[in-house]
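What follows is a predicted protein model with its sequence.
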There are 2 protein chains.
Amino acid sequence: MAEIIDGRAIAQRVRAQVATQTQRLLAENIIPGLAVILVGNDPASEIYVRNKERAAAKTGIHSETFKLSATTTEAEVLALIQRLNHDASIDAILLQSPVPGQINEQAMQDAIAPEKDVDGFNPTNIGKLFANRAGYYPVANTPKGIMTLLEQAHVELAQRLVVILGRSNLVGRPLFALMEAQNASVVLLHRFTPDDLRHQLLQQADVIISATGVPKLVRADDVKAGATVIDVGITRLADGSLQGDVDFEAVAPKAQAITPVPGGVGPMTIATLLQTTVELAAEHHQVELEAGWQNI
Amino acid sequence: MAEIIDGRAIAQRVRAQVATQTQRLLAENIIPGLAVILVGNDPASEIYVRNKERAAAKTGIHSETFKLSATTTEAEVLALIQRLNHDASIDAILLQSPVPGQINEQAMQDAIAPEKDVDGFNPTNIGKLFANRAGYYPVANTPKGIMTLLEQAHVELAQRLVVILGRSNLVGRPLFALMEAQNASVVLLHRFTPDDLRHQLLQQADVIISATGVPKLVRADDVKAGATVIDVGITRLADGSLQGDVDFEAVAPKAQAITPVPGGVGPMTIATLLQTTVELAAEHHQVELEAGWQNI
């Protein structure tokens, strides 16, 4: 039976480290500041933003949420972003997705200063990631959190074959770059990959990461014995239960290590967002934080 | 026996189209302008820059070469780039690599305005490419030229397995993004990929692109019957002959289509540079060029 990678426990360790790092910054009179912009009344977004606020507060990060009405104009959102770009108390700016239809979400994302782009969505930051540039730049938090999970589970990546299912800008594409930077050989598959080709490549993979939102797409006969399987998908089924992309019950007995759904990748996203916020604050004040992931 | 993809002939068609497009722009009093910056006296670079100048002149593109001495300071190069960034007669700026050691090549590349970055090296342009953004942005010319070769040879990419050997920022990485945007399933391999894994994946590939500089790395038993093989590598052997990454004599009989070395990918780079220059000029003046590659 596989090692179950406990995302809740690892996320908890990340948060604890963020709290420690925040204390260190506070000792130098630096308060890491996160601004969250929420436009409209999407109930799921409201819950998510509240969770971010609470998690930030627990670590000592200063977070401010800007709740704008559903009829806010693009110019108003832009003015707020520009004000926050110039606000020295704010290190990280997050525009909660989705935004109402009158607002161009991508244009607003791009208006966030690259050095405060806590989601790593700015083309400049994406470009640095894909070019494997040296130095610090923010990277999308879900794939960054997956790298932490793999490191904490001591999964070897160098020289291994990694197959990623799903090529979103939120997960699959940045994860490709992060894996490649670890000297893995990486395959990126997507909805246009024929089923038989997907099956054939999955069977060869040392590490599988699925981020498609297709319930039970990855089955036992897709997985090589001893592979590591990371499930980013989460779908609510008709009966109300949550189902990942991976047929966990069938796959777990063959895998070396596997993430459950829920309790795997999910908890990492907010923890990693806080981590990135503290890193950005340290960057802005040129403070060196102690090396991270090895020590949590 | 495979179709031999004739890079010289296709490059010639690209240049002819560039000349036609330049005529159309000239008719509207728009002169596409290319600035080439050459620092120092590297003989290979001097030849290469001269070839670019000649090729540009033949198409009607205005090119200017700025030859700076080997002792030029970084501040002087930066001042020139900033002047060219603001010079409305210049649409495209190219910093010839390599530069002398006192100059930070990456910092100088990054100083080129993204909208004049004819090599597609700026993080903003790389980021747009990897995020598969809509709209026009410059893309590295060698991988862009490879896409033209494949289109001209009518090689299907959607739903096919593409294996790329070599992950440079000049070729392999941007090529990955271009292939993925065509809905290919793409594998990016590199020096840390074990030999047996490389062999195993190559054998499954519908399209192989090798850009490693390792002579005869790709052998007949690596290649599936009917695959397309694109050879970006070019190495001068001890006997003075040029050798690609692919064992052409052995592989050609198995392939559907294959590029020779020389005369395959090589001629596409300058032709594509000119193409990008004209595209940038059209962008800057908001002129729509007729659809390109389908019609050459």
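Nice, I can see it. Every value quoted in this text rests on a predicted model; they were computed, and no experiment measured them. Numbers count the residues shown, from 1 in each chain, chains lettered A, B, ... in the order given.

going forward, measure contacts and count neighbours with C-alpha atoms only.
Fine.

which parts of chain A sit against chain B?
A:122-128, A:130-131, A:158-161, A:169, A:173, A:183-190, A:192-194, A:197 (C-alpha under 8 Å from any C-alpha of the partner chain).

Can you turn the buried part of those residues into a PyMOL selection?
Here is the PyMOL command that selects only those of those that count as buried (16 or more other C-alpha atoms under 10 Å in any protein chain shown):
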select buried, chain A and resi 122+123+124+125+126+127+128+130+131+158+159+160+161+169+173+183+184+185+186+187+188+189+190+193+197
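
Just the residues of chain A next to chain B: which are in strands?
Applying DSSP state E to these, the entries found in strands are A:161, A:185, A:186, A:187, A:188, A:189.

can you tell me how far the fourth one sits from residue B:176?
What it means is residue A:187. If you measure residue A:187 against residue B:176 using C-alpha to C-alpha, to the nearest Å, the figure is 10 Å.

any shared contact partners between these two?
The contact sets of residue A:187 and residue B:176 overlap at B:186, B:187, B:188 (C-alpha atoms under 8 Å, 6 or more residues apart in numbering or on different chains).

helix/strand/coil for the closest residue to the last one other than its chain neighbours?
Looking back up the chat, that one is residue B:188. Sequence neighbours aside, residue B:164 is the residue nearest to residue B:188 in space, at 5.0 Å (criterion: C-alpha to C-alpha, 6 or more residues apart in numbering or on different chains). Of the three states, residue B:164 takes strand under DSSP: H, G, I helix; E, B strand; the rest coil.

residues touching residue B:164, list them.
Contacts were defined as C-alpha under 8 Å, 6+ apart; by that measure residue B:164 touches B:172, B:176, B:186, B:187, B:188, B:189, B:208, B:209, B:210, B:211.

One more pass at 6 Å, please.
For residue B:164, the contacting residues are B:188, B:209, B:210, by C-alpha atoms under 6 Å, 6 or more residues apart in numbering or on different chains.

closest to chain A among the residues you listed?
If you rank the contacts of residue B:164 by distance to chain A using C-alpha to the nearest C-alpha, residue B:188 comes first, at 5.9 Å.

Let me know the pLDDT of the closest one.
As predicted, residue B:188 sits at a pLDDT of 98.

ok, now residue A:233?
Residue A:233 is given a pLDDT of 97.

next one: residue A:7
Among the per-residue scores, residue A:7 holds a pLDDT of 98.

got the buried residues for the longest helix along chain A?
Among the segments of chain A that qualify as a helix by DSSP state H, the longest is helix A:7-27. Applying a neighbour-count criterion of 16+ other C-alpha under 10 Å, one finds A:7-8, A:10-11, A:13-19, A:21-25 buried in helix A:7-27.

separation between the nearest residue to residue A:236 once chain neighbours are set aside and chain B?
Excluding its sequence neighbours, the residue lying closest to residue A:236 (C-alpha to C-alpha, 6+ apart) is residue A:242, at 4.6 Å. Distance check for residue A:242 against chain B: by C-alpha to the nearest C-alpha, to the nearest Å, it reads 29 Å.

do you know how far residue A:242 is from residue A:37?
28 Å.

Then residue A:161?
Using C-alpha to C-alpha, we find residue A:161 at a distance of 39 Å from residue A:37.

cool, residue A:272 as well?
The gap separating residue A:272 from residue A:37 is 18 Å, by C-alpha to C-alpha.

which residues does whatever residue of chain A ends up closest to chain B contact?
Closest residue of chain A to chain B, C-alpha to the nearest C-alpha: residue A:127 (3.7 Å). Counting by C-alpha under 6 Å, 6+ apart, residue A:127 touches B:123, B:124, B:126, B:127.

What is the neighbour count of residue A:260?
The criterion is other C-alpha atoms under 10 Å in any protein chain shown. On that basis, residue A:260 has 22 neighbouring residues.

and it, what is it in contact with?
Residues in contact with residue A:260 (C-alpha under 6 Å, 6+ apart): none are found.

you'd agree it is in a strand?
No: according to three-state DSSP, the state of residue A:260 is coil, so it is not within a strand.

Report the separation between it and residue A:252.
Using C-alpha to C-alpha, one obtains 9 Å as the distance from residue A:260 to residue A:252.

before we move on, what about residue A:135?
From residue A:135 to residue A:252 the distance is 38 Å (C-alpha to C-alpha).

where in chain A is pLDDT low?
For chain A, the stretches with pLDDT under 70 are A:291-296.

tell me which element residue A:51 falls in.
helix A:43-59 (DSSP states H and E).

by contact count, what packs against the helix or strand just after that helix?
Along the chain past helix A:43-59, the next helix or strand (assigned with DSSP H and E) turns out to be strand A:62-68. Counting contacts by 3 or more C-alpha pairs under 6 Å, 6 or more residues apart in numbering or on different chains; DSSP states H and E, the secondary-structure elements packed against strand A:62-68 are strand A:33-39.

Just give me how far the strand it packs on sits from the chain centre.
Taking the mean C-alpha point of strand A:33-39 and that of its whole chain, the gap between them comes to 17 Å (C-alpha atoms, centre = their mean, to the nearest Å).

With just CA atoms, put it into PDB.
Extracted as PDB, the C-alpha positions of strand A:33-39 are listed here (Å, rounded to 0.1, in the frame of the first residue of the first chain):
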ATOM      1  CA  GLY A  33       1.000  42.700   3.600                       C
ATOM      2  CA  LEU A  34      -1.400  40.800   1.400                       C
ATOM      3  CA  ALA A  35      -4.200  42.700  -0.400                       C
ATOM      4  CA  VAL A  36      -7.100  40.600  -1.700                       C
ATOM      5  CA  ILE A  37      -9.500  42.100  -4.200                       C
ATOM      6  CA  LEU A  38     -13.000  40.600  -4.400                       C
ATOM      7  CA  VAL A  39     -15.400  41.900  -7.000                       C
END
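
Write down the beta-bridge partners of the residue lying closest to residue A:155 once chain neighbours are set aside, one by one.
Leaving out its chain neighbours, the residue that sits closest to residue A:155 by C-alpha to C-alpha, 6+ apart is residue A:228, at 7.6 Å. Beta-bridge partners of residue A:228, counted by DSSP bridges, are residue A:207, residue A:257.

Residue A:228 is in contact with residue A:257, isn't it?
Yes: Residue A:228 sits in contact with residue A:257 when judged by C-alpha atoms under 6 Å, with a separation of 4.8 Å.
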